[in-house]
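Q: Here is my input; please provide its structure:
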Amino acid sequence: SETTEQNVVVDMDLESGRYVMNEELVYTELGQEMFICPSAGGGKDWQASTYSPDTNVMYYPLQNLCMNALSYIDEPAGGDNGLDFQFVITPGEENVGTIWAISAETGEVLWIHEQRAATISTVATAGGLVFFGDVDGYFKALDQESGEVVWQTRLPASVTGYPVSYEVDGRQYVAVAVGGALIDGSYLGVTPELSPGRGSNSFFVFALPESE
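A: Numbering: from 1, shown residues only. This next block holds a predicted model:
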């Protein structure tokens, strides 16, 4: 089943992986503008998804974003051609960021966490949690079974790094990097009411409660 909205592929052979592209979205001349889903940032692009062997579920950070994309040629720069695009929230949606829990066995969507801010990479832990950050500076933990937010904190800049979990002397830690990234400005452009901090690149480490 499809996740985020897309209009680029009209058909796909599941056995061979070959797809049929929407010919109406093929540029044939300069100055053409197309409405394309997902955006150039992808529904699922560089943000890392995660797998939990305890639930046999994949947890995907996906974005509800499309784009208006205009073909152009930049004469002063020597004739380079490309696309000038502007991200927009997918029609019919209000939230940009989501986390999808999808069964690795059946492909069934078990739950979807939705929020206004674009979501970044995830990591699942043996404690039954999925940690992720967002461009509004929040770092959150979801319950793997229900998708409920069980903990969150706000950091001084957009959370753009990949969270990791590790153990030292029997104590579990979760760490993540925050700071500017190439894509966070584009994500924030469609949610102008969000105002994350603009702190310098930093690394935060959280210690989970000690087991009794």
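Q: got the buried residues for the helix or strand bottoming out on mean pLDDT in the chain?
A: None of the helices or strands of the chain scores lower by mean pLDDT, DSSP states H and E than strand 80-89, at a mean of 82. Residues Leu83, Phe85, Phe87, Val88, Ile89 are the ones in strand 80-89 that count as buried (16 or more other Cβ atoms under 10 Å). For glycine as for every other residue, the C-beta is placed from the backbone atoms N, C-alpha and C.
Q: Can you tell me the strand partners of that strand and which way each runs?
A: Next to strand 80-89 in the sheet, as set by DSSP bridges, lie strand 65-74 (antiparallel).
Q: Counting neighbours, which bits of the strand it pairs with end up buried?
A: Those would be Leu65, Cys66, Met67, Ala69, Leu70, Ser71, for strand 65-74 by 16+ other Cβ under 10 Å.
Q: For Ser200, state which of the residues you listed is nearest.
A: Closest approach to Ser200 among the buried residues of strand 65-74 (Cβ to Cβ): Leu65, at 27.2 Å.
Q: Quick check: that closest one vs Gln6, distance?
A: Leu65 sits at a distance of 11 Å from Gln6 (criterion: Cβ to Cβ, to the nearest Å).
Q: again, but for Gln63
A: Taken as Cβ to Cβ, the span from Gln63 to Gln6 is 12 Å.
Q: tell me, what's touching the two both at once?
A: Pro38, Gly43 (Cβ atoms under 8 Å, 6 or more residues apart in numbering).
Q: more neighbours, those two?
A: Gln63 (28 against 16; other Cβ atoms under 10 Å).
Q: wait, that one sits on Gly41?
A: Yes. Using Cβ atoms under 8 Å, Gln63 is in contact with Gly41, at 6.4 Å.
Q: Overlap of the contact sets of these two?
A: Contacts common to Gln63 and Gly41, judged by Cβ under 8 Å, 6+ apart, are Tyr187.
Q: Hmm, Tyr138 is touching Ala157, no?
A: No. Judged on Cβ under 8 Å, Tyr138 makes no contact with Ala157 at a distance of 11.2 Å.
Q: low-confidence ranges in the protein?
A: 1, 73-81, 211-212 (pLDDT under 70).
Q: Could you pull out the helices in it for me?
A: Along the chain, counting by DSSP state H, helices occupy 184-189.
Q: Would you pull up how far stretch 93-103 lies from the middle of the chain?
A: 9 Å (Cα atoms, centre = their mean, to the nearest Å).
Q: Fine by me, thanks again.
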